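S.K.: Give me a 3D structure for the following:
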Amino acid sequence: MAEKASRRIEELEREFVIPLRASQHQPSRRRRAGHALLTVKRFISRHMKGDQEDVWIDPRLNEHIWERGIQKIPRNVRVKAIRFEDGLIEVDLLEGA
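M.R.: Residues are numbered from 1 along each chain as shown. Below you'll find the predicted structure:
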């Protein structure tokens, strides 16, 4: 009988462009930045196959989203996501974004 090969979760690094257009139209004007951060967490957890609780957003990315205030968020964000062996996913703003 053939034995199943044990899969080892290794460190995985990817770059994404996350569209935030829905965060401009869905919530009220006073909730756009917070909704954009939730959109980032949902997108990353879906594409990196992890839990939303395990997604850690870098303060630079947070400041980039909040840069022009709560109402005027960027249309999209270029990020780099790294999933570590313990399941933690770190999301950082990509340089030049």
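S.K.: Following the chain past the helix or strand of the chain with the lowest mean pLDDT, name the next helix or strand.
M.R.: Among the helices and strands of the chain, helix 22-25 carries the lowest confidence by mean pLDDT, DSSP states H and E, at a mean of 90. Once helix 22-25 ends, the next helix or strand along the chain (criterion: DSSP states H and E) is helix 32-47.
S.K.: Give me the contact list for that following helix.
M.R.: Residues outside helix 32-47 that contact it (Cβ atoms under 8 Å, 6 or more residues apart in numbering): 14, 16, 18, 20, 22-24, 26-27, 50-52, 54-55, 57, 61-62, 65-66, 69-73, 77, 79, 81, 89, 91. Where you see a C-beta, it was placed from the backbone N, CA and C, and this is true even at glycine.
S.K.: Which members of those are positioned in helices?
M.R.: Among the contacts of helix 32-47, the ones falling in helices (DSSP state H) are Ala22, Ser23, Gln24, Leu61, Asn62, Ile65, Trp66.
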